[in-house]
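**Student:** Mind looking at a prediction? Sequence and model below.
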Amino acid sequence: MSRLAEIPIRIEPQAKAGGLGGGVTAILHEIVRLLERLATVDERAAIDLGSLPMSPQDRTELQRALGEGEVLATLNAQGISKIHETRVPGVWWVEHRDQGGELIAELIEVTRVPEILASAADEIAAGARALREQITTGAAARVR
């Protein structure tokens, strides 16, 4: 008799239709933990979905569990990035694509507002200078 016959076999039930698989449930538990950290100590975090062994079905289940919120932002900077709020406050689904449209990063960000949407201090200062110059130039042109 072969030793293979001695290996115990156990059949595990699949997740029920409409139910969450174990990997998706684990991600949701991690999101809860990260939300609690955000609420108590204002600590931002991200989960890199590309680094997780997720099937297309898992991704769909996670999207369904988190739902759609009210905010959707699209950025065009060296490719298209889509940032959308989920139904859960503080949880954002972020996709970054290259110029050819290929998905290069997919994240769940747990934050008040994703950092990519915030203006950098040097950009704000440059904007103030440009607007001041526009006002000054416009005022000088009206005086002439």
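**Tutor:** Nice, thanks for sending it over. Numbering: from 1, shown residues only.
**Student:** can we go C-alpha only for contacts and neighbour counts from here?
**Tutor:** Fine.
**Student:** For the helix or strand harbouring residue 63, name the packing helices and strands.
**Tutor:** Assigned by DSSP states H and E, residue 63 falls within helix 56-66. Contact analysis of helix 56-66 by 3 or more CA pairs under 8 Å, 6 or more residues apart in numbering; DSSP states H and E lists helix 22-41 as its packing neighbours.
**Student:** tell me the mean pLDDT over the following helix or strand past the helix it packs on?
**Tutor:** Sequence order places strand 45-48 as the next helix or strand after helix 22-41, per DSSP H and E. For strand 45-48, the mean per-residue pLDDT is 96.
**Student:** Strand partners (parallel or antiparallel) of strand 45-48?
**Tutor:** Strand partners for strand 45-48, identified by DSSP bridges, are recorded as strand 103-110 (antiparallel).
**Student:** Check the average confidence over the partner strand, would you?
**Tutor:** Computed over strand 103-110, the average pLDDT equals 96.
**Student:** just how off-centre is that strand within its chain?
**Tutor:** 4 Å (CA atoms, centre = their mean, to the nearest Å).
**Student:** after it, next one along is what?
**Tutor:** Counting by DSSP H and E, the element after strand 103-110 in chain order, helix or strand, is helix 121-143.
**Student:** tell me which residues in the helix holding residue 63 are buried?
**Tutor:** Buried residues in helix 56-66, counted by 16 or more other CA atoms under 10 Å: 58, 61-62, 65-66.
**Student:** to the chain's geometric centre, what's the distance from it?
**Tutor:** For helix 56-66, the distance to the chain centre is 13 Å (CA atoms, centre = their mean).
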